[in-house]
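*Asks:* 3D, please:
(one chain, ligands or ions: 1)
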Amino acid sequence: SVGELQPEYDVLVIGAGLSGCYACHRMHQLNLKVKVLEAGTSVGGTWYWNRYPGARFDSESYTYAFYFSPEILDEWKWTEHYAPQAETERYIRFLCDRLGLWNDIRFNTSITKAHWIEQDRFWHLTDASGRTYTSRFLITGIGVLSNPTLPNVPGVTDFKGPAYHTSRWPKDPVSFGDKRVGIIGTGATAIQAIPVIAETAKSLTVFQRTPNWAIPLRNSNISPEEMELIRTGYPQMLEKINQTRMGFMHGASTDSIWDSTPEMREAFWAELWALPGFPFWLSNYKEILIDEKANDLVTEFVARKIKERVKDPWTADKLVPKNHGFGTRRVPMETFYYEAYNRPNVRLVDLLETPIERITADGIITNQEEFKFDMLIYATGFDAVTGAFDAIDFRGTDSHSLRDEWQDGPRTYLGLTVEHFPNMFMSMGPHQAYGNIPRSIEYAVGWIAECIGYCQKQGISRIEATDQGVKEWTDHVHDLGKNLLSNKVDSWMTGVNKNVAGKQKRIVARYMGAAPEFREKCNGVAGGGYELFSKR
Ligand code: NA7
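*Replies:* So this is what the prediction gives:
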């Protein structure tokens, strides 16, 4: 009405990764005034920050991209089955060009506060320089793995040579040629970086706490003819992707491990092992991720594969995980990772046996030995899932603090909304189906856009998850994960980060049902006029 206070924007979006870029596009389609606020100097999110050596997809490039625009899908050509970071960054910039997003993204803008003010019913955001922004709706696209963490060891800032977290890698090329390099961590990131750094470093010392079950990626180039086949096959590919639990082309096998003889198992596993990418993890016997006995069998197979590839028996043994079974943490995909340890310039240090005592000006001291380095690399991971939320002071109605509300684990409705946080929507927040993340983003942002469109049409100025909605969804998400072995293991997927105070305890961070069921449930809520939301 005349004289009513208007916010600066209809919609503010935090983060210009895949979520933020797609959200910007969908808001354009609704003719809404939108601004995307991004901490970095360009678009890409995960694929902007993670430019460490060896960074690449370990999902097929053509399934790990957007499908919403047939024109964009048709025009873009991937050159590798598992795209390296630079190619993905180019792809996201291309998206922004084609969709005309650049003018609505503000860079170098790190949001520190996001407060809902009931008086004007606006979101009030503040950036690190103190500038404020207001909007009616808020969409977070702040990532699942975006808040990097350093090891909680004494002296972590004392090292005087170059030291990089893999997720804050410099844009200028880094050379390892004459350098003694130390790297801490052996997660998916380190497993990509180690073989590449080992090729040129004078020496590379790997500090491992928990080994992981990595399997071969088997990347290869895509010829123009093959790309042509991929392009014509997109509709069938999408049909398949839409049916699988994790949103990849690889569905779970319906075969029971208990119907197979040892010979049949061996043959099946050899077949899966030879395939590129995720099939060994995702298309394996249906019991391996829920039944400990089944898991033991497949674990034994992978242990054998690792030991065959590493020459030094001590190192080979240390690289085999002892405390968790195959597939119960995120499975890193590797390209000659294990062979890297056969090089004379690479050495493994087992931190379970010889823990780090401190980091010094020129290296690392364990309880056994002093190491001197010219460069240190922290491949130590992230304060995952809720970490990006904790880094911003989110306040809802009556100054409810999101950090406080989620202290014992996140509570959400559909993973998309939170009680006490009206008009706020999360893309890739906790309790969403992750798996193939771009697929999940396309769905989540699409749902959010439809909800905002609905509010516009119905004259709703304030929509908020109800207590009942949050309770039912949170209970449902907790139930879904009960049988999974992965929920009994510490990892970023269970919200554990030993470097962060208050993150020592396992939580249910993700929706662990099948992606089609997630979408069906969310579609039902929307179709019913946004059930269990309060609307005014
Ligand atoms: P991850 O998978 O969380 O790995 C982090 C690694 O760093 C892991 O090996 C940790 O050992 C290690 N770490 C962390 N803190 C320490 C300390 N204080 N001392 C020694 N070692 C430490 O992160 P990534 O970046 O590799 O991968 C993240 C995801 O990105 C990945 O799963 C894919 O989905 C893509 P720990 O296991 O905690 O013993």
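*Asks:* regarding the residue nearest to residue 325 when sequence neighbours are not counted, what is its secondary structure?
*Replies:* Computed as C-beta to C-beta, 6 or more residues apart in numbering, the closest residue to residue 325 that is not its neighbour in sequence is residue 295, at 4.1 Å. Using the backbone N, CA and C atoms, a C-beta is placed for each residue, glycine as well. Assigned by DSSP: H, G, I helix; E, B strand; the rest coil, the conformation of residue 295 is helix.
*Asks:* count the neighbours of residue 295 for me.
*Replies:* Residues contacting residue 295 under the criterion other C-beta atoms under 10 Å number 22.
*Asks:* show me what contacts it?
*Replies:* By C-beta atoms under 8 Å, 6 or more residues apart in numbering, the contact set of residue 295 is 287-289, 325-328, 485.
*Asks:* could you dump the residues you listed to JSON lines with secondary structure, pLDDT and neighbour count?
*Replies:* JSON lines is the format used below for these (DSSP: H, G, I helix; E, B strand; the rest coil; pLDDT from 0 to 100; neighbours: other C-beta atoms under 10 Å):
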{"residue": "287", "secondary structure": "coil", "pLDDT": "97", "neighbour count": "18"}
{"residue": "288", "secondary structure": "coil", "pLDDT": "97", "neighbour count": "24"}
{"residue": "289", "secondary structure": "coil", "pLDDT": "96", "neighbour count": "21"}
{"residue": "325", "secondary structure": "coil", "pLDDT": "98", "neighbour count": "23"}
{"residue": "326", "secondary structure": "coil", "pLDDT": "98", "neighbour count": "25"}
{"residue": "327", "secondary structure": "coil", "pLDDT": "98", "neighbour count": "21"}
{"residue": "328", "secondary structure": "coil", "pLDDT": "97", "neighbour count": "24"}
{"residue": "485", "secondary structure": "helix", "pLDDT": "97", "neighbour count": "19"}
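*Asks:* and those, which is closest to residue 457?
*Replies:* Among those, residue 289 lies closest to residue 457 (C-beta to C-beta), at 42.8 Å.
*Asks:* so that closest one touches residue 328, yeah?
*Replies:* Yes. At 7.1 Å, residue 289 counts as touching residue 328 under the criterion of C-beta atoms under 8 Å.
*Asks:* common neighbours of these two, please.
*Replies:* 295, 485-486.
*Asks:* closest one of those to residue 96?
*Replies:* Nearest member of the shared contacts of residue 289 and residue 328 to residue 96, counting by C-beta to C-beta, is residue 486, at 35.0 Å.
*Asks:* ok, now which ones touch the closest one?
*Replies:* By C-beta under 8 Å, 6+ apart, the residues touching residue 486 are 289, 327-329, 493-494.
*Asks:* just to revisit the earlier point, as CSV, the contacts of residue 295 with distance to the ligand would be great.
*Replies:* Formatted as CSV, the contacts of residue 295 follow (distance: C-beta to the nearest ligand atom, whole Å):
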residue, distance to the ligand
287, 23
288, 19
289, 16
325, 15
326, 15
327, 13
328, 12
485, 16
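*Asks:* which positions in the stretch 301-450 of the chain make contact with the ligand?
*Replies:* Counting by C-beta under 6 Å from any ligand atom, the residues of the stretch 301-450 of the chain lying close to the ligand are 330, 351, 379-381.
*Asks:* give me that answer again for 8 Å
*Replies:* For the stretch 301-450 of the chain, the residues in contact with the ligand (C-beta under 8 Å from any ligand atom) are 329-330, 332, 351, 356, 378-382, 384.
*Asks:* list the contacts of residue 363.
*Replies:* Contacts of residue 363 (C-beta under 8 Å, 6+ apart): 159, 182, 370-373.
*Asks:* low pLDDT regions in the chain?
*Replies:* Applying pLDDT under 70 to the chain flags the ranges 1-3.
*Asks:* so what's the residue in the stretch 251-400 of the chain that the ligand sits nearest to up against?
*Replies:* Of all residues in the stretch 251-400 of the chain, residue 381 sits closest to the ligand, at 2.7 Å by C-beta to the nearest ligand atom. Contact analysis of residue 381 by C-beta under 8 Å, 6+ apart lists 145, 148-149, 185, 187, 189, 492, 497.
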